[in-house]
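Undergrad: Kindly return the folded structure for what I paste below:
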Amino acid sequence: MRNLVTFSAIIEILAITIWVGGMAALAFIAAPVIFQTAITRESAGKTFGLILKRFHPVMYICGVVILFAGAMRWAGSYNHRLNASEFTRYIIAFLMLGISLFSGVVISRKLDRMRSRMPAGIDHVAKDDPRRVEFNNLHRLSMTLMSFNLLLGFAMVVMFALRD
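TA: Modelled structure (predicted):
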């Protein structure tokens, strides 16, 4: 059983590293560089949106792997209990997975549909146009969800590092 617990810890830390590290790299490296070097803000948004769309399945897989590792840890424990730190970590992973799914499935699709209905691009729509207002609100929500997920991910990393 000890091997199962060790294996679950290894796959969990790999999934946490990929998920949180990927989000941090996107937020702190990729996004600023793309928006700094793109010809227009709209092309930067499309590029980053595509990158984020391709990263969403990675987040989903990592979330499922972390929760699966938790199930393995529970199954491999002597008394079939998780300590409070482990339980909290899996609740955080579950929340992060839910946020990622909502952001990737609901918010991103709405943003894509709105972009497709504006052939000239969002930058060519008046600032007070209801479509642009809605687009900006959805974009702000998407950024807020990613930021919150990143903070939760950092908390999960710290909790894993401080585990008993």
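
Undergrad: State the distance from the residue positioned nearest the centre of the chain to Arg54.
TA: Nearest to the geometric centre of the chain sits Ser100, at 4.9 Å (CA atoms, centre = their mean). Between Ser100 and Arg54 the distance is 13 Å, computed by CB to CB, to the nearest Å. Placement of C-beta: from N, CA and C, glycine included.

Undergrad: Kindly report the same for Ala126.
TA: 32 Å.

Undergrad: Verify the contact between Ser100 and Val58 for me.
TA: No - judged on CB atoms under 8 Å, Ser100 makes no contact with Val58 at a distance of 9.5 Å.

Undergrad: residues contacting the residue nearest to the centre of the chain?
TA: When the contact criterion is CB atoms under 8 Å, 6 or more residues apart in numbering, the partners of Ser100 are 56, 59-60, 63, 149.

Undergrad: how about the strands in the protein?
TA: In the chain, no strands are defined using DSSP state E.

Undergrad: Let's see the worst-scoring helix or strand of it on mean pLDDT as PDB, backbone CA atoms only.
TA: Each helix and strand of the chain was given a mean pLDDT (mean pLDDT, DSSP states H and E); the minimum falls on helix 108-116 at a mean of 87. Taking C-alpha atoms only, helix 108-116 is exported to PDB below (Å, rounded to 0.1, in the frame of the first residue of the first chain):
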ATOM      1  CA  SER A 108     -14.800  30.900 -23.900                       C
ATOM      2  CA  ARG A 109     -17.600  29.600 -26.200                       C
ATOM      3  CA  LYS A 110     -19.600  32.800 -25.600                       C
ATOM      4  CA  LEU A 111     -16.600  34.900 -26.400                       C
ATOM      5  CA  ASP A 112     -15.900  32.900 -29.600                       C
ATOM      6  CA  ARG A 113     -19.500  33.300 -30.700                       C
ATOM      7  CA  MET A 114     -19.400  37.100 -30.100                       C
ATOM      8  CA  ARG A 115     -16.100  37.400 -32.100                       C
ATOM      9  CA  SER A 116     -17.600  35.500 -35.000                       C
END
